[in-house]
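> got a predicted model here, sequence first, then my questions.
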Protein chains: 2
Amino acid sequence: MKICIVGSSGHYVYALRGIKEDPHAQIVGISPGCEGENIERLYSQVNEMGFASVVYSNPIRMFEDLKPDIAVINTFFYKNSELAIEAMKRGIHVYMEKPVALSIEKLEELKSVWRQTKVKLSSMLGLRYTPHFWTAYKLINENKIGRIRLIHAQKSYKLGTRPDFYKHRKTYGGTIPWVGIHAIDWIYWLSGKKFKSVFARHSRLYNNDHGELETTAFCSFVMEDEILATVNIDYLRPATAPTHDDDRVRIVGTRGILEVLNGKVYLLNDTTKEVSEVSLEKPPIVFLDFLNEVRGTDKCLVSSEDSFYVTLASLLARESADDGKVIEF
Amino acid sequence: MKICIVGSSGHYVYALRGIKEDPHAQIVGISPGCEGENIERLYSQVNEMGFASVVYSNPIRMFEDLKPDIAVINTFFYKNSELAIEAMKRGIHVYMEKPVALSIEKLEELKSVWRQTKVKLSSMLGLRYTPHFWTAYKLINENKIGRIRLIHAQKSYKLGTRPDFYKHRKTYGGTIPWVGIHAIDWIYWLSGKKFKSVFARHSRLYNNDHGELETTAFCSFVMEDEILATVNIDYLRPATAPTHDDDRVRIVGTRGILEVLNGKVYLLNDTTKEVSEVSLEKPPIVFLDFLNEVRGTDKCLVSSEDSFYVTLASLLARESADDGKVIEF
């Protein structure tokens, strides 16, 4: 299984994690995805793994020379969908950064090429593979909280100093699609329901000279069956905090309440009497399941359809936040 | 200071708490506020406190006979504003259940009578007087988290079996005005900012035969200075849970993050490095400050204006939830 990695501005480490567990996967080439993208760290990590990968300066030439089975794409965000299309058109399966596109037009183009080329595509919604979110998913599917009625999800990040392409909507995409998309994905994945409408807002104030980057946002969704869901997003986690992020979700069902907090899972239901911490389950290994889907021996936890749908939801939420209007799906 | 209590369907215990601390306050009369309202528990509590209060069946007659300084009003929710108006028209100060009205028309009428009669009015937004919320308020005013940018507040209650008047919008008012109003008040009080717009939704599904009562809701507010705020409300807390309610608020500022959870307060800011539990401050005593405001020696923590404004916000949120439309304040 020959793999090329394009860029290192996103979560290519997910791919490395899966590759480490697969004796037949090899990284044959790496390349920046944009002019000015520094891939030194990627280069040294790939070397450390023992792969004598060819380094290209042009990803298209790399695709044509090396004819990989899979392209891992995570460059400056605005270029990801374009390069994914180039890969798919050459029959190369794609594992790419989320959101899979920064506009609905680009998303439609990507979907259309995917449909025509029939390659496999998945995206870096990698938090599904963490023990805490995976355990929450299992508990819900074991009906521990009954029917889901209300969800609140939180993404809180340190801002630090971000690369320049974060400072422009055109190259960054926005905080709802970049950060909020994970929370939007949990809501969709954990509930198993489609979105009906969204209302969102965001603010660029106090973004510490990060141009158009939004510092705070909320999204509020109505889903099928009148399930209600809200999201809070911020880049205001203090620099001194013990972790980079503070991911949370609280899911209220007809039989109980489930929470993910500090990498742990807490359950309160009609059998527990007290809030109890639940033992974490072992999740599938990120990207390894995509390798196996390409082989035809497994199904990837993050499907192409999920990648498209969650991207769409985050783009519609961004549009709602820009315009201050409710948007129906 | 002569006090009459009308009804016992709300939080009259707040008044009892303040009266216990005031040697000059006495409960001279009690009465149901509506036909069919059982005030036996109120009667025995007032007796236990050593007051030989006269029991009336008609609150208006009680006002006219006893000419109290203050009427404490907490009957079936739809009657509270009407009885408050009757009291004010007789020059009686009013301490009443929140929301202070179940419709904007009634709220306007109440405000108009209040303006004309110049009596004092406060409402049972009693959670401001809990050590945890009071401590959060103090910390914010000591600038521990800088400028507030994002707030999420939660109200989660056990449903149990509620009296019949909860089952009709007309008599109950709705879950956003009845339960959510506290969370809306925290957002307003803790931020010190006005609301600019609201979008809310609610659902009656799975309300266990409680007619029109909404089981779940969210509200999302934009405030002055682009402060964003969301609220989650539910009646789905399991019957076996250790407490009736699960009140929370998380406030993200430019310098830190403050949380109220399980009756405790947690702070993370640029001086703490870890999330730290903050010692609780002693709050003012509920209703005692209203007694002193009536005497002219203190200011009540919950002003008339706050009572009106937070009621307005909850009624506009309910309207938004009914219509699925964004409402500007």
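Nice, I can see it.
> A:Ile70 contacts A:Ile5, correct?
No - if you go by C-beta atoms under 8 Å, A:Ile70 and A:Ile5 don't touch, sitting 9.4 Å apart. For glycine as for every other residue, the C-beta is placed from the backbone atoms N, C-alpha and C.
> of these two, which one has the most company?
Neighbours per residue (other C-beta atoms under 10 Å in any protein chain shown) separate A:Ile70 from A:Ile5, with A:Ile5 holding more: 30 against 26.
> which other residues reach the helix or strand containing the more buried one?
Secondary structure from DSSP states H and E places A:Ile5 in strand A:2-6. Counting by C-beta atoms under 8 Å, 6 or more residues apart in numbering or on different chains, strand A:2-6 makes contact with A:12, A:15, A:19, A:25-33, A:42, A:46, A:53, A:59, A:62-63, A:66-75, A:83, A:92, all of which sit outside it.
> out of these, which are inside helices?
For the contacts of strand A:2-6, membership in helices holds for A:Tyr12, A:Ala15, A:Ile19, A:Leu42, A:Val46, A:Pro59, A:Met62, A:Phe63, A:Leu66, A:Leu83, with DSSP state H as the criterion.
> so what's the fourth one closest to, chain neighbours aside?
Counting by C-beta to C-beta, 6 or more residues apart in numbering or on different chains, A:Ser8 is the residue found nearest to A:Leu42 once chain neighbours are left out, at 3.8 Å.
> mind checking how far that neighbour is from A:Asp69?
20 Å (C-beta to C-beta, to the nearest Å).
> which residues does A:Glu48 contact?
For A:Glu48, the contact set (C-beta under 8 Å, 6+ apart) is empty.
> neighbour-wise, which of A:Ser8 and A:Asp69 wins?
A count of neighbours by other C-beta under 10 Å puts A:Ser8 above the other of A:Ser8 and A:Asp69, at 24 against 19.
> SS state for that one?
Assigned by DSSP: H, G, I helix; E, B strand; the rest coil, the conformation of A:Ser8 is coil.
> would you confirm that it contacts A:Ser44?
No - using C-beta under 8 Å, A:Ser8 makes no contact with A:Ser44, being 10.5 Å away.
> if I look at the closest residue to A:Tyr172 other than its chain neighbours, how far off is chain B?
Counting by C-beta to C-beta, 6+ apart, A:Tyr166 is the residue found nearest to A:Tyr172 once chain neighbours are left out, at 4.7 Å. With distances taken as C-beta to the nearest C-beta, to the nearest Å, A:Tyr166 is found 18 Å from chain B.
> any idea how far A:Ser31 is from A:Tyr166?
22 Å.
> quick one, which of those two is more surrounded?
The residue with more neighbours, out of A:Tyr166 and A:Ser31 and counting by other C-beta under 10 Å, is A:Ser31; that gives 27 against 22.
> and the more buried one, what's its pLDDT?
You'll see A:Ser31 listed with a pLDDT of 98.
> which strand residues bridge it?
For A:Ser31, the beta-bridge partners under DSSP bridges are A:Val6.
> what about it, distance to A:Tyr172?
Taking C-beta to C-beta as the measure, A:Ser31 falls 22 Å from A:Tyr172.
> cool, and A:Val326?
For A:Val326, the distance to A:Tyr172 (C-beta to C-beta) stands at 25 Å.
> and these two? Which one has more around it.
Shown here are A:Val326 and A:Tyr172; by other C-beta under 10 Å, A:Tyr172 has more neighbours (24 against 18).
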